[in-house]
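Novice: Have a look at this prediction, sequence included:
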Amino acid sequence: RAFARRAVRRFMPGEDLGAALDAATPLAATGIRTVVTALGERVTNRAEAEAVRDHYVRVLDEVRRRGLPTQPSVKLTHLGLDVDRGLCVASLRALAAYAESVGSFVWVDIEESHYVDATLDVFRQARAASDRVGLCLQAYLRRTPDDLESLLALGASMRLVKGAYREPPSVAFPDKRDVDAAYERLAERMLQAAADGTGGLPVFGTHDLALVERIRLRAGSLRLPPQGWEVHMLYGIRTAEQHALARSGVSVRTLISYGTHWFPWYVRRLAERPANVWFVVRSLVS
């Protein structure tokens, strides 16, 4: 539907890589770096998984050709985790090795809680071969403090988000206040590890500006340099604030998604930020 596509354009500049990198180019000119991800997950055969791996190789090539400060981020079920874990490990290791050869970095997105153990296993195997790979963690999962400690021991770079999948209360905190409190505890641990030299790059995926300010103050008190931590925000959300943060010296990356499989992703964006529903309503009316 035309109204749906208009609404989605707020969060996704297009369905192909070219559109994503076209959107990344003006951001780079203002000092904002980017992460790009091809939408899609749970591929069902080796050919699809191998095609996704090859696509991300092309992403790294195109980013280098354009000279952009852009990194790819991939879901492991998109790389064939459900099809063949060995293939998934080999593909992620290949992407990390190629990223290292071109001076880039690969992020691994986290998915539903029942994938976390497998994701950690694949990530650890890839991280053992290259440090050019980082992992996303979800603050709302009750298990995340233990996962964080195990990954800090590897010196891994991590991106902390609040979490957007529907999970049972036994697995994830159902109350927003508990999620926010968990996020701050985890952020403190990540910053402290970075300051001590025992952790990798701490990255905070959030649009909560008050939280970002508290993280900034804590990073300053620990004498972390501006490039020693990052804030990641989604394309199309708090755009003016992203630019303001970058101008103030915060290292900001914008996550740009692209691809034809945008509907489930878009619904999750609405679920995690209900205020976005009003944007859709206005699109309907107009």
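Specialist: Received the coordinates, thanks.
Novice: Can you tell me the closest non-neighbouring residue to Arg132?
Specialist: Closest residue in space to Arg132, ignoring its immediate chain neighbours: Glu100 at 4.2 Å, by C-beta to C-beta, 6 or more residues apart in numbering. Bear in mind the C-beta positions are built from the backbone N, C-alpha and C, glycine included.
Novice: remind me which residues of the stretch 51-200 of the chain are low pLDDT?
Specialist: In the predicted model of the stretch 51-200 of the chain, no residue satisfies pLDDT under 70.
Novice: What are the boundaries of the helices in it?
Specialist: Counting by DSSP state H, counting those that start in this stretch, the stretch 51-200 of the chain has helices at residues 85-101, 116-129, 144-152, 176-196.
Novice: Of those helices, which is nearest Asn45?
Specialist: helix 85-101 (10.5 Å; C-beta to C-beta).
Novice: and the angle from the closest one to helix 116-129?
Specialist: Helix 85-101 runs at 40 degrees relative to helix 116-129, counting by axes from the mean of the first three to the mean of the last three C-alpha atoms, to 10 degrees.
Novice: Show me what stretch 9-22 is in contact with.
Specialist: Stretch 9-22 has contacts (C-beta atoms under 8 Å, 6 or more residues apart in numbering) with 23, 36, 38, 55, 58-59, 62-63, 66, 68, 70, 234-237, 256-260, 262, 266, 269, 279.
Novice: for stretch 53-71, that is, sorry about that
Specialist: Stretch 53-71 is contacted by residues 17, 21, 24-25, 28, 33-36, 38, 72, 74, 79, 91, 94-95, 98-99, 102-107, 253 when judged by C-beta under 8 Å, 6+ apart.
Novice: how about that stretch: buried residues?
Specialist: Across stretch 53-71, burial judged by 16 or more other C-beta atoms under 10 Å covers 53, 55-57, 59-60, 62-63, 68, 70-71.
Novice: tell me which of those is nearest to Gln242?
Specialist: Scanning the buried residues of stretch 53-71 for proximity to Gln242, where the rule is C-beta to C-beta, the winner is Thr70, at 15.2 Å.
Novice: Tell me the spacing between that closest one and Arg53.
Specialist: Relative to Arg53, Thr70 is positioned 18 Å away (C-beta to C-beta, to the nearest Å).
Novice: ok, now Ala210?
Specialist: 40 Å.
Novice: do the same with Val250
Specialist: 33 Å.
Novice: what's the answer for Asp146, then?
Specialist: Distance from Asp146 to Arg53, by C-beta to C-beta: 30 Å.
Novice: Please enumerate the strands of the stretch 101-250 of the chain.
Specialist: In the stretch 101-250 of the chain, the segments counted as strands under DSSP state E, counting those that start in this stretch are 106-109, 133-138, 158-161, 202-205, 230-234.
Novice: what comes into contact with the first one?
Specialist: Residues external to strand 106-109 that are found in contact with it (C-beta under 8 Å, 6+ apart): 35, 37, 56, 71-76, 92, 95-96, 99, 119, 122-123, 126, 132-136, 159.
Novice: Buried ones among these?
Specialist: 35, 37, 56, 71-76, 92, 95-96, 99, 119, 122-123, 126, 132-136, 159.
Novice: sorry, back to before: which of the contacts of stretch 53-71 count as buried?
Specialist: Among the contacts of stretch 53-71, those classed as buried by 16+ other C-beta under 10 Å are 17, 21, 24, 28, 33-36, 38, 72, 74, 79, 91, 94-95, 98-99, 104-107, 253.
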